[in-house]
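> Show me how the following folds:
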Amino acid sequence: MERRKLGRTDLEVSIACLGTMTYGKQNSQAEGHAQLDRALEAGINFIDTAEMYAVPPAPDTYGKTETIIGNWLSSRPGIREKIVLASKVAGRGLRWVRDGNAIIDRKNILAAIDESLKRLQTEYIDLYQLHWPNRPFYHFGGFWRFAPDGQDTAERVENFHEVLQTLGELVQSGKIRHAGLSNESAWGTMKYLQLAEKFNLPRMETIQNEYSLLYRLFEPDLAEVAIREGVSLLAYSPLATGLLTGKYRKGKIPEGSRWKIQSARHNQRNTKQAHAAVEAYAELAKKHEIALNHLSLAFSHQKYFMTSVIIGATSMEQLNSNLKAFNMKLSPEVLKEIEEIRRDFPVPY
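Predicted coordinates for the structure are as follows:
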């Protein structure tokens with residue numbers, strides 16, 4: 001599988017990254033280990049997790065995914081050096097994380113990293129990411145109401161500096177190799193980069209944001225940041241939690257699916273515009289005799305600003321199907337038709 005450089009580091013990662021957030025909820029430990037083995041067999045060397053996983057997040061599943069990965073690492077001698085392992089520190093909002101006082105600052109980062117290392121049964125994490133900002137942000141359905149007032153800018157920047165200093169200490173101690181962002185904006189990304197350069201602190205090498213045929217807010221501003229500043233996009237939800245597989249077409253919500261499991265929670269992706277867009281992309285895929293999930297994943301990994309596309313699965317059948325997309329390349333004709341559909345559905349959720 002093709003590999004691409006991670007930020008400005010010396011690491012190279014596969015264009016497909018294995019997402020693991022279902023381990024401990026929708027997937028058992030045995031199923032998770034089987035997926036990890038299959039991913040490595042297919043050429044994936046990049047694995048992503050987080051302290052808050054499994055999802056949907058809950059007190060009884062917190063940390064379970066890292067534990068499952070740690071057990072896999074400990075049972076596969078020599079495998080740790082063959083993979084690039086990424087995890088994340090949780091931000092504000094989860095009452096069961098550090099007694100509800102979780103915030104991305106020095107105290108919480110130092111507490112979180114040690115617990116993640118224990119669960120993962122490793123001495124270091126290759127890429128340690130900030131799961132989401134402390135301040136309001138426009139991801140997770142927040143796009144339509146996002147309106148920063150700027151009154152707390154100095155306080156935010158001071159927190160950014162503290163975070164970078166703390167990450168620098170973790171690099172020096174060998175607990176992490178590199179740092180990255182997640183669910184971050186162009187302003188936040190650039191401010192972190194400016195502070196890192198000014199004070200000789202670790203730079204943010206990556207940004208893990210949502211990106212798919214249905215959600216292209218990374219373009220154009222963050223895309224330019226990624227290219228000009230050497231910040232790698234790690235795209236999550238490239239299949240829009242299953243929308244872009246077609247399994248939710250015509251109002252269906254299959255048993256065991258993520259939408260069924262989180263039915264009591266707000267689902268920002270379940271809109272009439274999103275479903276209409278899926279129908280249009282499904283027709284395009286049918287016209288060119290391409291599976292809808294393959295169209296979606298191939299589109300993402302071909303983008304000029306993409307480093308790695310995070311894929312997850314709840315079955316080996318899904319994983320094997322998704323893997324096929326990374327050996328595909330869409331034609332200029334298909335890409336042109338995708339852009340035509342996008343004009344009709346620019347921000348469908």
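> which residues are in contact with the lowest-mean-pLDDT helix or strand in the chain?
Least confident helix or strand, the chain: helix 258-261 with a mean of 76, by mean pLDDT, DSSP states H and E. Residues from elsewhere that reach helix 258-261 (C-beta atoms under 8 Å, 6 or more residues apart in numbering): K25, Q26, P56, T241, G242, Y248, I253, P254, N267, N270. In this view, the C-beta of every residue, glycine as well, is placed from N, C-alpha and C.
> before we move on, what about stretch 100-116?
Under C-beta under 8 Å, 6+ apart, the answer for stretch 100-116 is 51, 63, 66, 87, 89-94, 98, 125, 128, 130-131, 133-134, 159, 162-163, 165-167, 170, 175-176.
> looking at the contacts of helix 258-261, which has the most residues close by?
Y248 (24 neighbours; other C-beta atoms under 10 Å).
> ok, now which ones touch it?
Y248 neighbours (C-beta under 8 Å, 6+ apart): G242, S257, W259, N270, H275, V278.
> S75 too?
Taking C-beta under 8 Å, 6+ apart, one finds H33 in contact with S75.
> one more time with 10 Å
S75 is in contact with H33, Q121, counting by C-beta atoms under 10 Å, 6 or more residues apart in numbering.
> E51 now?
Counting by C-beta under 10 Å, 6+ apart, E51 makes contact with 62-63, 65-66, 87-90, 94, 97-98, 102, 112-113, 115-116, 119-120, 131.
> Give me the distance between D99 and N108.
Applying C-beta to C-beta, to the nearest Å, the value for D99 to N108 is 11 Å.
> same check, this time on I15
Relative to N108, and taking C-beta to C-beta, I15 is found at 32 Å.
> Quick test: name the residue nearest the centre of the chain.
Using C-alpha atoms, centre = their mean, the residue of the chain that lies closest to the mean C-alpha position is Y236, 3.7 Å off.
> for the closest residue to that residue other than its chain neighbours, phi and psi?
Nearest-residue entry for Y236: I310, 4.8 Å, with adjacent residues in sequence omitted and distances by C-beta to C-beta, 6 or more residues apart in numbering. Main-chain torsions, I310, degrees, to the nearest 10: phi -90, psi 120.
> Also I207?
According to degrees, to the nearest 10, I207 has phi -140, psi 120.
> That one and V231: what is the separation?
Counting by C-beta to C-beta, the gap from I207 to V231 is 6 Å.
> Equivalent analysis for V13, please.
14 Å.
> and the residue nearest to Y236, how many neighbours?
Count around I310 with other C-beta under 10 Å applied: 23.
> if I look at it, how far off is H301?
For I310, the distance to H301 - C-beta to C-beta - is 11 Å.
> which residues are in contact with both of the two?
A16, A235, P238.
> Name the nearest of those residues relative to S321.
Proximity of the shared contacts of I310 and H301 to S321 (C-beta to C-beta) peaks at A16, which lies at 12.4 Å.
> So what sits opposite that closest one in the bridge?
V309 (DSSP bridges).
> From S257, how far off is it?
22 Å.
> Between those two, tell me which one has more neighbours.
A16 (25 against 18).
> Quick check, A58 in contact with V97.
No: the criterion here is C-beta atoms under 10 Å, and A58 misses it with V97 at 11.2 Å.
> tell me, what's touching the two both at once?
Joint contacts of A58 and V97 (C-beta under 10 Å, 6+ apart) are M52.
> Looking at the two now, which is surrounded by more residues?
V97 (23 against 13).
> show me the contacts for the residue lying closest to the more buried one once chain neighbours are set aside.
Closest residue to V97 apart from its sequence neighbours, by C-beta to C-beta, 6+ apart: A90 at 5.1 Å. Shown in contact with A90 (C-beta under 10 Å, 6+ apart): 50-53, 57, 62, 96-98, 102-104, 108, 112, 130-132.
> I'd like the distance between A90 and P136.
17 Å.
> mind listing what's buried in stretch 45-60?
Buried residues in stretch 45-60, counted by 16 or more other C-beta atoms under 10 Å: N45, F46, I47, D48, T49, A50, E51, M52, Y53, A54, V55, P57.
> Can you check the distance spanned by that stretch, start to finish?
From its first residue to its last, stretch 45-60 covers 29 Å (C-alpha to C-alpha, to the nearest Å).
> ok, back up a step: okay, and which of the contacts of E51 map to strands?
S87, K88, V89 (DSSP state E).
> count of residues packed around F146?
11.
> ignore the last one, E41
Using other C-beta under 10 Å, E41 has 9 other residues around it.
> quick one: contacts for it?
E41 neighbours (C-beta under 10 Å, 6+ apart): L323.
> Can you give me the pLDDT of it?
pLDDT, E41: 98.
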